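Chemist: Pasting a predicted model and its sequence here:
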Amino acid sequence: MAHNGNQVSKSTPTDGVLVIGGGVAGVQASLDLAKAGAHVYLVERTPSVGGRMAQLDKTLPTNDCSICILSPLLVEALRHENIDLLTYSEVISLSGQSGSFRATILRKSRYIKESECVGCGVCARKCPVTVPNEFDMGLGERKAIYVPFQQATPLVYTIDPTSCLNFKNGKFQKVCTKCEEACPRGAVDFTLKDERIEVDVGAVIVATGFDEIDASRIRNLGYGECEDVLTGLEFERLLNAAGPTGGKVLRRSDSRKPSSIAFVQCVGSRDEKYRPYCSRVCCVYSIKQCM
């Protein structure tokens, strides 16, 4: 069985479970099911499992390192014989009923032979293209060939087609060969294509996580107008030692350390236009950030 290659193990509808979303909830659910004997297809649309928890610096109530807690779970999910880990993939259709579902999954091409890539990073060091890093909430940069973070699972590089490939005559065409030339294992392959697979399962768990509200829609807070107004996740990446500032909280406007910081609660919550209810998380979250 190849967890991260082109082969996917087959299960009968009664013992298979599809888990959509590879954040901490989806990973833990997959591990619990796999240990109970179920065969799990864990589908994550980004190149690595980990989700939002991988972006955090510390966690309450212990203030332990977030990735230190998370990383062993990711590795365990990668290695478990009852889990097919399908990263850089999306469920594009789901049909059937309770006890018998059929899912069609789009596995996007990384333009990397996953069985050959060892995550050495030589390709990224040679890549001349830099773009804003979405894992760092746009505060840092990454190369066009990249892994989302240091503990990415699987530790396989991905080529971002929007950054270094031209779309012409219905297909992507390479415009640079530096990563291909640099790879000592010949893992870069621009001829690889997306593929669709179908799996039969008896149950589906949706663990697709969350996205922050677009704070720029709330005009009186200044987000998007003042460089030094940040969202919680942007601030989180500044706190993180693996983040764009190496764990230093610096103002974007002048790269200087702020003398004071204000935390605004309930942004987008208790508001008829956005969320009329309490988010139930921002009070505790802000206390953690203050600490």
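Modeler: Received, thanks.
Chemist: contacts, neighbours, all on C-alpha from now
Modeler: Fine.
Chemist: Can you show me the helices along this protein?
Modeler: 24-35, 66-79, 122-126, 161-164, 178-182, 232-239, 282-290 (DSSP state H).
Chemist: Quick one, which of the ones you listed gets closest to residue 16.
Modeler: Shortest separation from residue 16 across those is recorded for helix 24-35, at 9.6 Å, computed as C-alpha to C-alpha.
Chemist: buried stuff in the closest one?
Modeler: 24, 25, 26, 27, 28, 29, 30, 31, 33, 34 (16 or more other C-alpha atoms under 10 Å).
Chemist: Dump those residues into TSV; add pLDDT and distance to residue 90 as well.
Modeler: TSV is the format used below for the buried residues of helix 24-35 (pLDDT from 0 to 100; distance: C-alpha to C-alpha, whole Å):
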residue	pLDDT	distance to residue 90
24	97	17
25	98	17
26	98	14
27	98	16
28	98	19
29	98	18
30	98	17
31	98	20
33	97	21
34	97	21
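Chemist: Can you tell me which of these is closest to residue 271?
Modeler: Closest to residue 271, out of all of these and judged by C-alpha to C-alpha, is residue 25, at 27.8 Å.
Chemist: Any idea which of the helices of the chain has the lowest pLDDT on average?
Modeler: Among those, helix 161-164 has the lowest mean pLDDT, at a mean of 86.
Chemist: residues in contact with the nearest residue in space to residue 237 that is not next to it in sequence?
Modeler: Spatially, and ignoring its direct neighbours in sequence, residue 237 is nearest to residue 243 (5.1 Å; C-alpha to C-alpha, 6 or more residues apart in numbering). Contact analysis of residue 243 by C-alpha atoms under 8 Å, 6 or more residues apart in numbering lists 136, 140, 237.
Chemist: same thing with residue 43?
Modeler: 18, 19, 20, 21, 22, 85, 86, 87, 88, 89, 90, 91.
Chemist: still on that earlier bit, in CSV, list the helices of the chain along with distance to residue 58.
Modeler: Shown next, in CSV, are the helices of the chain (distance: least, C-alpha to C-alpha, whole Å):
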stretch, distance to residue 58
helix 24-35, 14
helix 66-79, 5
helix 122-126, 28
helix 161-164, 32
helix 178-182, 34
helix 232-239, 9
helix 282-290, 8
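Chemist: Mind checking the ones you listed for the one nearest to residue 196?
Modeler: The nearest among these, by C-alpha to C-alpha, is helix 161-164 at 18.5 Å.
Chemist: what sits up against that closest one?
Modeler: For helix 161-164, using C-alpha under 8 Å, 6+ apart, the contacting residues are 129, 131, 144, 172, 174, 175, 176.
Chemist: Just the buried positions in that helix, please.
Modeler: Counting neighbours by 16+ other C-alpha under 10 Å, helix 161-164 gives 161, 164 as buried.
Chemist: would you put the C-alpha positions of that helix in CSV?
Modeler: Taking Å, rounded to 0.1, in the frame of the first residue of the first chain, the C-alpha atoms of helix 161-164 are listed here in CSV:
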residue,chain,number,x,y,z
PRO,A,161,1.7,26.1,-11.0
THR,A,162,0.4,29.6,-10.7
SER,A,163,3.9,30.9,-9.8
CYS,A,164,6.2,29.2,-12.3
